[in-house]
Each structure stands twice: as structure tokens, then as C-alpha cells.
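Colleague: Sequence first, then the predicted structure, then my questions.
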Amino acid sequence: MDIQLSEHFTLREMTASGTAIDNGIENRPDEEQTAHLRVLCRQVLEPLRRRFGKIRVTSGYRSEALNALVGGVPRSQHLSGEAADIHVSNREVGLKMYEYIRRHLPFDQLLFESVHRNGVCWLHVSYREGAEANRREARELAL
């Protein structure tokens, strides 16, 4: 059974990974990690969806094995269920979403990442429960 984390986001969506499936990796968060995902969805992803419509999370929670396989940093907030990567259709849309989050939503880390050679863009956003825990670190990265 899938767990509803917020009005529009489910645990299945926040843990889905083709890489995990292809490599036989179980990508299942524990109760604490699931609670972090719930807070991230409610505090950041739902408000973003209300403003921009449907959004597609390409990476939410990652187990240690999955994180290592995809080249994630060893202390990635994806490991704790505190981060999500969001697909954006183009640079213009990505920058609008980036600015909206930066100006209006609580977050710990916000990265607008783009690969110049093929135009792929995504947002990485993380949230830690408790306002004092969030650094509000925002950067644009071109890879």
C-alpha cells in the first residue's frame, strides 16, 4: 500500500528510482526518513505545486546503496529524506521556480542545476524541520 505524504505526493513517488529497480536495490525509508519526506512535501513541494501546477520529482529519498550508485555525495540530504530533485522543462521555468522558492518558501538548500551541452535543468531543494535548522543556502550551478 502506498502512503500519502501530503495532498499530492506519495511515498512511492518520493522513493521511485529506475536505477534502484535495474540494480535490485530496495529503496525504502524508515519511519524517521518517511517523516522527513512528509515535512518536505508539506512545507516545500505542495506550495510549489500550488504555484506552478504539477511537478515531477526525479529523486527523493535514496538508500545508501542507491546514493552511492548514482554518485550522490556521502552526506546527501536525500539519505535522510530531507531533499528532492525536481525536473524543470527549461531554464526559464527553472529560474522562476528557483526564485519563488528562494523568496517565499522555507528551505535548507536550493540549487538550480543545468547542463549546458544538452539543456537539462533541475532543482535540488532540501528542508530540515525547525526554522533554525535551515541555512537558506541558494546557488545556481552550471555543469
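Modeller: Noted; the coordinates are in hand. Numbering: from 1, shown residues only.
Colleague: going forward, measure contacts between C-alpha atoms and count neighbours the same way
Modeller: Will do.
Colleague: hey, where'd the helices end up in the chain?
Modeller: Listed in chain order, the helices of the chain (DSSP state H) span 11-15, 18-22, 31-40, 46-52, 64-69, 91-104.
Colleague: Now residue 141: closest residue in space, sequence neighbours ignored.
Modeller: residue 113 (4.8 Å; C-alpha to C-alpha, 6 or more residues apart in numbering).
Colleague: from memory the one you found sits against residue 119, does it?
Modeller: No. Using C-alpha atoms under 8 Å, residue 113 is not in contact with residue 119, being 10.2 Å away.
Colleague: Start and end of stretch 64-80, how far apart?
Modeller: 10 Å (C-alpha to C-alpha, to the nearest Å).
Colleague: For residue 110, list each beta-bridge partner.
Modeller: Beta bridges link residue 110 to residue 125, residue 138, judged by DSSP bridges.
Colleague: In the sheet, which residues pair with the residue nearest the centre of the chain? Tell me.
Modeller: Central residue of the chain (C-alpha atoms, centre = their mean): residue 84, 0.6 Å from the mean position. Beta-bridge partners for residue 84, by DSSP bridges, are residue 125.
Colleague: my read: it touches residue 125, true?
Modeller: Yes. Residue 84 lies in contact with residue 125 (C-alpha under 8 Å); the separation is 5.6 Å.
Colleague: Can you pull the poorly scored residue ranges out of the protein?
Modeller: Applying pLDDT under 70 to the chain flags the ranges 1, 116-117, 131, 143.
Colleague: right, and residue 77 touches residue 124 too?
Modeller: No. With contact defined as C-alpha under 8 Å, residue 77 does not count as touching residue 124 (10.2 Å).
Colleague: overlap in contacts of the two?
Modeller: residue 83 (C-alpha atoms under 8 Å, 6 or more residues apart in numbering).
Colleague: What's the separation between the nearest residue to residue 142 once chain neighbours are set aside and residue 28?
Modeller: The shortest distance from residue 142 to any non-neighbouring residue, by C-alpha to C-alpha, 6+ apart, is to residue 114 (5.0 Å). Distance of residue 114 to residue 28, computed by C-alpha to C-alpha: 28 Å.
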